[in-house]
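> Sequence and computational prediction follow.
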Amino acid sequence: MRQLPFLNGVRAFEAAARTGSFAKAAGELHVTPAAISRMVQLLEQRLGVALFARKANKLEPTLAGRAYQAGLSPLFDTLAALTEQVKAMARPNVLTVGVGPTFAIRWLIPRLADLQKAAPDIEVRFATGGAAAPFSEGWSCGIQLGDGAWPGLEAEPLFAADLTPVCSPAMAKRLKKPADLKGETLLRVSHADDDWPTWFKAAGAGRVGARGPEFEYYGQALQAACDGVGVAMGIRPYIDDDLKAGRLVAPFSQSVPKGKHWYLVYRELRRSEPGFVAFRNWLMASAHGRTA
């Protein structure tokens with residue numbers, strides 16, 4: 001028979017060791033600090049080993065306590081993830097999609113009407129974060145930018161993240177060659193410092209430096225480019241619709257791989273869920289220009 005430890009004490013200890021405080025652990029578990037202290041003491045008695053060295057105004061795990069917490073925290077993380085997965089099975093047609101705000105606004109949301117036509121029973125909820133934000137246990141799937149290597153997750157490629165400068169049609173008229181960018185305002189994105197240097201190197205214009213307003217997201221820089229503020233570094237698929245509509249122009253033919261791709265990321269457990277299957281089929285068809 002499986003011999004389990006005093007589980008309430010284990011929860012109390014793990015929370016206290018992770019947060020470094022009985023008070024913080026009490027807030028997390030919705031009990032009093034005294035209750036946390038008492039449960040930890042009972043656990044120590046049953047284990048026969050001290051887990052904390054109690055000092056004035058300081059809670060310090062012993063060697064045994066550090067070893068115990070190092071193993072317990074991943075177990076609780078796994079339990080939380082498993083619980084979320086099981087809860088999701090009660091609502092198979094509700095999908096929470098983790099996606100960056102620019103990808104959502106510039107590509108995914110404009111196509112949602114097509115998803116509703118293809119799969120009217122699917123309810124999609126967006127959880128936005130950065131494109132490279134860690135995969136959340138609460139997501140049904142995510143659309144992320146990377147190299148395709150996410151341990152424990154399935155990753156299916158959607159787009160190559162190619163780079164090309166874009167600007168307003170009026171500004172494009174005076175840009176004939178990459179060296180012409182030297183006198184222009186070049187819009188930058190704070191988390192993508194390598195974009196302009198990567199493109200300039202490939203275009204043979206390595207001495208041109210990117211100087212201009214810096215934005216937090218690609219979407220902000222691209223909107224500024226539409227408004228004639230300067231030239232932005234466009235990234236697929238953010239610029240596809242604007243180029244097609246003529247709101248933005250790519251003045252040069254040079255397109256450079258960013259070195260990353262966009263992927264649909266999900267857990268294997270989701271693969272056969274009807275809602276996810278419908279969303280995946282539609283997404284893959286849309287990404288490759290097919291009818292779902």
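Right, received. Where do you want to start? Residues are numbered from 1 along each chain as shown.
> Can you tell me the SS state at residue 229?
When classified by DSSP: H, G, I helix; E, B strand; the rest coil, residue 229 comes out as coil.
> list the contacts for it?
Residues in contact with residue 229 (C-beta atoms under 8 Å, 6 or more residues apart in numbering) are 185, 187, 213. For every residue, glycine as well, the C-beta is placed using N, CA and C.
> same thing with residue 234?
By C-beta under 8 Å, 6+ apart, the residues touching residue 234 are 163, 164, 165, 166, 222, 225, 243, 248, 250.
> one more time with 7 Å
Contact analysis of residue 234 by C-beta atoms under 7 Å, 6 or more residues apart in numbering lists 163, 164, 165, 166, 222, 250.
> So what sits opposite the closest residue to the third one other than its chain neighbours in the bridge?
To tie it back to what came earlier, the one meant is residue 165. In this structure, residue 165 finds its nearest non-sequential neighbour in residue 231, 5.2 Å apart by C-beta to C-beta, 6 or more residues apart in numbering. Taking DSSP bridges as the rule, residue 231 bridges to residue 186.
> Name all residues that make contact with residue 231.
165, 167, 171, 181, 184, 185, 186, 187, 225 are the contacts of residue 231 under C-beta under 7 Å, 6+ apart.
> Identify the farthest-apart pair in the residues you listed.
The distance between the two most remote of those (C-beta to C-beta) is 12.7 Å, for 181 and 225.
> so where is this protein shaky, pLDDT-wise?
1, 85, 88-92, 129-133, 206-210, 290-292 (pLDDT under 70).
> biggest helix in it, by residue count?
Within the chain, and with DSSP state H defining each element, the longest helix by residue count is helix 63-88.
> so what does it touch, helix or strand wise?
On a contact count with 3 or more C-beta pairs under 7 Å, 6 or more residues apart in numbering; DSSP states H and E, helix 63-88 meets helix 7-19.
> just how off-centre is the helix or strand just after the helix it packs on within its chain?
Next helix or strand after helix 7-19 toward the C-terminus (DSSP states H and E): helix 22-29. Its chain's average C-alpha position is 28 Å from that of helix 22-29, according to C-alpha atoms, centre = their mean, to the nearest Å.
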